[in-house]
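Enquirer: Sequence plus predicted model, see below.
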Amino acid sequence: MTFSQKRNQETIGEEHMKNIVTAKKNISDDAVRDMIVASICIKYTQSNSVGFAKDGMMVGVGAGQQSRVDCVKLAGRKVCTWYLRQHPKVLALPFKDGVKRQDRVNARVRYIEGDFTTEEKTRWEEKFTEVPAPLTAEEKEAFLSESTGISISSDAFFPFRDSIDHASKLGVSYVAQPGGSVQDPQITEACDEYGMAMCFTGVRLFHH
């Protein structure tokens with residue numbers, strides 16, 4: 001006996017984002033675009049998977065996890081790093097002349113993460129004209145609290161509200177998911193509590 005999966009021929013578009021089930025019904029054209037982008041992305045990633053999008057680009061993908069909330073948390077770390085790269089302290093890092101572009105990108109990410117080994121930090125500090133002051137946990141939290149307008153799409157329904165609870169910490173305002181779970185009312189209630197708009201696409205995007 002063997003199991004096989006047919007090719008997913010579904011084309012994700014605006015028509016999939018019209019079944020809005022939350023109290024908040026206003027979804028901008030930009031948000032619809034972002035939910036479409038995120039849904040197309042996770043169509044081609046390993047299930048379970050979720051994707052975050054903003055301004056027409058993917059800002060975080062979590063795939064291949066057994067738990068959907070773990071996908072949200074995995075992708076969420078990428079979202080945090082993406083958003084924190086816009087922090088004034090990150091933008092003002094005093095790089096020495098001659099530091100290559102990709103080395104600057106990597107250095108900014110490590111500055112945000114902050115979990116250096118002793119040897120790593122020594123090499124990292126050599127890239128700057130002066131050693132930057134740390135980006136504190138309090139500064140990160142304050143800056144992340146300003147994040148908003150991010151869209152999340154899931155390749156299958158959210159079985160529990162924990163994914164929505166975590167997504168709320170990341171500035172998620174729009175949710176796209178297939179729906180079809182006995183927990184749909186609880187997920188909708190969670191979105192309403194956070195002021196999110198959620199649509200049921202009616203399309204599962206499992207890829208195994």
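Expert: In hand now; what should we look at? Every value quoted in this text rests on a predicted model; they were computed, and no experiment measured them.
Enquirer: Residue 84 is in contact with residue 147, correct?
Expert: No. Here residue 147 does not reach residue 84: they are 9.4 Å apart, not a contact under C-beta atoms under 8 Å. C-beta: built from backbone N, CA, C; applies to glycine.
Enquirer: tally of neighbours for residue 150?
Expert: Close neighbours of residue 150, defined as other C-beta atoms under 10 Å, add up to 23.
Enquirer: mind showing which ranges of the chain have poor pLDDT?
Expert: 3-5, 7-8, 207-208 (pLDDT under 70).
Enquirer: Okay, helices next: where are they in it?
Expert: Ranges of helices within the chain are 29-43, 68-84, 88-91, 101-113, 118-125, 137-144, 162-168, 184-193, based on DSSP state H.
Enquirer: how about CSV for those, with mean neighbour count and distance to residue 10 added?
Expert: Converted to CSV, the helices of the chain look like this (neighbours: other C-beta atoms under 10 Å; distance: least, C-beta to C-beta, whole Å):
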stretch, mean neighbour count, distance to residue 10
helix 29-43, 21, 7
helix 68-84, 21, 20
helix 88-91, 13, 39
helix 101-113, 14, 35
helix 118-125, 11, 44
helix 137-144, 13, 34
helix 162-168, 21, 22
helix 184-193, 18, 21
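Enquirer: For residue 22, which of the ones you listed is the nearest?
Expert: Residue 22 lies closest to helix 184-193 among these, at 4.9 Å (C-beta to C-beta).
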